[in-house]
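J.: I would like the atomic coordinates for the input below:
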Amino acid sequence: MGNRRSAWIVAGVLLCAASWANATAPDMPPSLRWAASTLGNHRYLVQVDGPANAVHVVIPWRRRDAHPDQVAVIVVDPDGKSLSNVLRGTINRASGELVFQAAQAGIYAIYYQPYVSSGRSNYPTVTYAPSKQDADAAWSRKLGASAQAWRSLPQAHVLRYEAVDDFDAYTTMERAATPEQLKALLSAHSNEALLFFPETRANPVRMFDTLPESWAQRGPGGSFSDSALRGEYLSFQIGAWAPRDHVDNVRVEFSDLSGVDGGRIPAGAFTCFNLGGIDFTGKPFTLRVDVAQGRVQPLWIGLDIPESAKPGVYRGEVTITADGLPPQKLPLVITVGDGLAVAHGDDDPFKLTRLRWLNSTLAQDDSLVKPFTAITVNGPTLGILGRDVTLAPSGLPAQITSHFDERMTGFAKQPKPLLAAPMRLVVQDATGEHAMDASGIPKVQRDGPGKVHWQLSTTAGPLQGEVNASLEADGTLVYAIALTAKQTTTLQDIRLDIPLNRDVAQYQFGLGRQGDHAPTELDWKWNVQNNQDGAWIGTVNAGLAFHLRDEHYLRPLNTNFYHQQPLRMPVSWDNRGQGGIRLRNERTDYLAEAFSGPRTMQAGETLRYDVVMRVTPFKTINPSEHFSERFFHKYGDLDAIKADGANVVNIHHATPINPWINYPFLEPDAMRAYIDAAHQRDMRVKIYYTVRELSDRAPELPVLKSLGHEVISAGKGGGFSWLQEHLDGDYIAAWHVPENRDAAVINAGQSRWHNYYIEGLDWLARNMGIDGLYLDDVAYDRTTMKRVRKVLEARRPHPLIDLHSASQYNPRDGYINSALLYMELFPYIDRLWFGEEFDYEKTSPAYWLTEISGIPYGVMGEMLQNDGNLWRGMLFGMTNRLGWSPGSDPRGLWKLWDDFGISQADMVGWWVHDTPVKTGRDDVLATSYVRKGKRTLIALASWAPEKTEVKLTIDWHALGLSASKVTLVAPAVNGFQSAATFKPGEAIAVEPGKGWLLVVE
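T.: This is a model prediction of the structure:
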């Protein structure tokens, strides 16, 4: 992987970047190799011609850091020894003046940004060593402090700049202009409030608070020239600098490009990414660009050159305007070559042709993905896979029914109704309660096979309502409800009533509770410290999740960063802390009541009471497929992996074929070769790739910084040294891999980077042949998740998507339940890995069922933390992951599964009311894997606090076996159980926290 940096020469000083492993020129002695962790990433080499008590040097470093006078400088002699006799003269961004004692002739290294790293290695705290004075007092007094005296000393000669590796090296765009250069530039352009500097994509703007020296030397304006192939997407930039005052509302306008032979490229082929585009939901938007005084604002522009363009030179212009300023025109000269670009040039990320991906609408439609079926409309009843939603005249659900059976592998003969009565939005004033209502049946309109919507006007006492609602094939209901006061009105409450049938409301989580049996009562109030706006209530085969929002909702950050972009309190529901949610187990139903409390609405005032609901389960589970997919979680030798029994390899980042976090594009040859080799062995490969954070290795990173906070989240900066030295602060430092010096920043929760991600995924599926994704705490919502599924299904046979999450139920993550945070993604994934920090030992079976297993939502899962609890995991079809740690070894269980034939068995969980194997206890449970008439595998697991004995009650008819002809055999499995045999009806001893796997045959 190269980074397209080139050597540069400024003021006669050769500046070159050396490799990290050997960061010296070939003629440098080994003693001058250095460790960045003690000396920093940057140095100048200077030549001392002869021994001297003191030599003088001025280094023209042109630094971009704001306060170089406060940072230490370390001088190292030719033998690698740090010198203490060093005096600092004038130290500023332009240059650094030093005097040091040189006991010998030779090349000295001057390190000028040494830092100290502390804290966790993956989230380091890096501070820059402060300047200090260690020189011998007598030596210092003898030299004096006179600038004239220092200049009379022997002079060291500056040889060159070096970086600890080529990636850390400062580019020409990071070599700051001197104050004198800026003064001369401004003097030459004394009447211009905004100066423009066209620049190619090869030199992205990286400094936003000053000009690079190259710009100051060449001056603003002129024309922009570049070349590209037919069909290539050409990116370039125009830097706008406001040196004297702020400039508002910068705009650009393009002309057609005309060729000498009559060829034409229309103005519509241009895009300015800083001024708007297509958002992650597929909607156009515009941005306003204001340039603060002293700031540099790059305007990144893309030109989509048609494949049909005639080769030759094309000329046109871009006109740039701003409020109160006259238009300025910049000529454009684009040379179109004879060749035809492959894939617009996208195969080389460093060409920045992929910027067009930011505005992609790929897979942005209402088509279906497997296994969902087209929505049916039968009057007020809407049918989706395994569920029906019947609308009331208000547009809210009057009834929701589930057809899923308790086993979650098929559908029941009798549907299960979720609601005890229709949902109601109630407005309460002094005259009483007024339920939102309308006349007739809502008129449902189709958007596509996967989505329908309806709109209606309603009344609710003194308020008028406008309801915009939709249902999608996965079971997501979205309501945007606008309530407007006809006149100034004092209200006692506006609330939503969700009356659930009591047999449905068995379990609940959210609202500050982890998964457990639904409480008899619960009172909850809004609190920005907690990432909570709703709950899930239900049973295995019927449930409802709901979230309360308004029009200002923005997805919070997650996974360690919640408090840096927390939940926005919905003005309507929160009502300045007066709103909340009550859960009540009442005589006839289980009522979830979301209230907002008293308020006065002014005439014409509108409040948005938005609700998002998800009807669960989303789909059936497929245990046969689940047990046939064996995962290896590590990059390794494919033959060895296959010999261990695995057939799916999850490739994490920081691996040879996927080294950089969430930017898996820089080792394509190695990745393709590995995946091809896996396919030849009938194995599949999935990669780690998401958008929560982005590696500093992404070539697009400077462009994303130019977009403000659209893509890169605002923050306090810090983190690994590369981020601090190249990003000018205002970011959130994220994951860092010390082994390969990969550092990442946190992305905003919702942005055009999602569009880029979808295109990148399509590129990987087409060109690398990836078989799916291993998602690690994703930052995107279901809009992007649907697109992920569609892209993979279009490119790969039977793609696999796994979601791993650490437990988010902690203070730093706002006590959000991981299952509630990610439930919107569950319809489109194949497997859960929940996960680090999940407690498998001190939590209940109800918690396992609702928050870990995924089964009530139509997915199955696996375990991670401390290699899981294998006995309890088998109740849910879960085991741990091979390759991740020495203790994570499911190979013994895999062999037992294969010997038994578990992929041919029917899984009957302990939660099924007529499960054929029962223990008679609530703290020791049994799940059966039934091959009717042949054999059955019984999984037993205990939550009892001490060793206990159970006698199994077995429905032999349901198993198709005879009690008189069978034995219960526990095969020996290393790390799981010793061999044992039991007779039907015999007491079986079970250790606390453990269990058995018994083959009945």
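J.: Verify the stated contact: Ile675 with Val685.
T.: Yes: under the criterion of Cβ atoms under 8 Å, Ile675 makes contact with Val685 at 4.7 Å. In this view, the C-beta of every residue, glycine as well, is placed from N, C-alpha and C.
J.: shared neighbours, those two?
T.: Gly769, Ile770, Asp771 (Cβ atoms under 8 Å, 6 or more residues apart in numbering).
J.: And the next helix or strand past the top strand by length along the chain?
T.: Longest strand of the chain, by residue count under DSSP state E: strand 325-340. Once the chain leaves strand 325-340, the next helix or strand it forms, by DSSP states H and E, is strand 376-378.
J.: who touches that following strand?
T.: Leu382, Gly383, Ile384, Val444, Arg446, Val452.
J.: I'd like the residues you listed as JSON lines, with secondary structure, distance to Thr376 and pLDDT appended.
T.: Listed next are these as JSON lines, based on DSSP: H, G, I helix; E, B strand; the rest coil; distance: Cβ to Cβ, whole Å; pLDDT from 0 to 100:
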{"residue": "Leu382", "secondary structure": "strand", "distance to Thr376": "7", "pLDDT": "98"}
{"residue": "Gly383", "secondary structure": "strand", "distance to Thr376": "4", "pLDDT": "98"}
{"residue": "Ile384", "secondary structure": "strand", "distance to Thr376": "8", "pLDDT": "98"}
{"residue": "Val444", "secondary structure": "strand", "distance to Thr376": "10", "pLDDT": "98"}
{"residue": "Arg446", "secondary structure": "strand", "distance to Thr376": "10", "pLDDT": "97"}
{"residue": "Val452", "secondary structure": "strand", "distance to Thr376": "9", "pLDDT": "98"}
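J.: Mind checking which of those residues are buried?
T.: Leu382, Gly383, Ile384, Val444, Val452 (16 or more other Cβ atoms under 10 Å).
J.: Which pair of the residues you listed spans the longest distance?
T.: The largest separation in the buried ones among the contacts of strand 376-378, counting by Cβ to Cβ, is between Ile384 and Val444 at 12.7 Å.
J.: Which parts of the stretch 51-200 of the chain are helices?
T.: Along the stretch 51-200 of the chain, counting by DSSP state H, counting those that start in this stretch, helices occupy 137-143, 147-151, 179-188.
J.: same for the first one, what does it pack against?
T.: For helix 137-143, the helices and strands in contact under the criterion 3 or more Cβ pairs under 8 Å, 6 or more residues apart in numbering; DSSP states H and E are strand 52-59.
J.: now the strand it packs on: how far from the chain's centre is it?
T.: Relative to the centre of its chain, strand 52-59 is centred 50 Å away, using Cα atoms, centre = their mean, to the nearest Å.
J.: got the CA coordinates for that strand in PDB?
T.: Output of strand 52-59 as PDB, limited to C-alpha atoms (Å, rounded to 0.1, in the frame of the first residue of the first chain):
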ATOM      1  CA  ALA A  52      32.600  22.600  18.900                       C
ATOM      2  CA  ASN A  53      31.600  23.800  22.300                       C
ATOM      3  CA  ALA A  54      28.500  25.200  20.700                       C
ATOM      4  CA  VAL A  55      26.900  25.200  17.200                       C
ATOM      5  CA  HIS A  56      24.000  27.300  16.000                       C
ATOM      6  CA  VAL A  57      21.200  26.200  13.700                       C
ATOM      7  CA  VAL A  58      17.900  27.600  12.500                       C
ATOM      8  CA  ILE A  59      15.400  25.000  11.300                       C
END
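J.: pLDDT averaged over that strand - what is it?
T.: On average, the pLDDT along strand 52-59 is 97.
J.: where does the protein have low pLDDT?
T.: Where the chain drops to pLDDT under 70, the residues are 1-33.
J.: Name the residue most distant from the centre of it?
T.: Farthest-out residue of the chain from its mean C-alpha position, per Cα atoms, centre = their mean: Lys142, at 59.5 Å.
J.: Pick out whichever of the contacts of strand 376-378 sits closest to Arg315.
T.: Arg446 (48.8 Å).
J.: Apart from its chain neighbours, what residue comes closest to that closest one?
T.: Leaving aside its sequence neighbours, Arg446 sits nearest to Val452 (Cβ to Cβ, 6 or more residues apart in numbering; 5.4 Å).
J.: in terms of contact, does the one you found touch Leu382 like I think?
T.: Yes: with contact defined as Cβ under 8 Å, Val452 counts as touching Leu382 (6.4 Å).
J.: which neighbours do the two share?
T.: Ile375, Val444, Leu471.
J.: name the element the last one belongs to?
T.: Here Leu471, judged by DSSP H and E, is contained in strand 463-472.
J.: hmm, who's touching that strand?
T.: 366, 375, 382, 384, 389, 394-395, 425, 427, 434, 436, 438, 442, 447, 450-459, 477-486, 489, 601.
J.: could you list every residue that touches the most centrally placed residue in the chain?
T.: What sits nearest the mean C-alpha location of the chain, by Cα atoms, centre = their mean, is Arg692, with 1.8 Å. Remark: with contacts taken as Cβ under 8 Å, 6+ apart, Arg692 is in contact with Asn558, Thr559, Asn662, Ala734, Ile746, Asn747, Asp776, Asp777, Val778, Ala779.
J.: what's the distance between the closest residue to Pro417 other than its chain neighbours and Thr409?
T.: Once flanking residues are discounted, Pro417 sits nearest to Thr401: 5.1 Å by Cβ to Cβ, 6+ apart. Taking Cβ to Cβ, to the nearest Å as the measure, Thr401 falls 19 Å from Thr409.
J.: Which one's more surrounded, those two?
T.: Thr401 (19 against 16; other Cβ atoms under 10 Å).
J.: The host helix or strand of the more buried one: what's the following helix or strand?
T.: For Thr401, the element it lies in under DSSP H and E is strand 397-404. With elements assigned by DSSP H and E, the helix or strand that comes after strand 397-404 is strand 411-417.
J.: one step back: what lines up beside the strand holding Leu471 in the sheet?
T.: strand 451-460 (antiparallel), strand 476-485 (antiparallel) (DSSP bridges).
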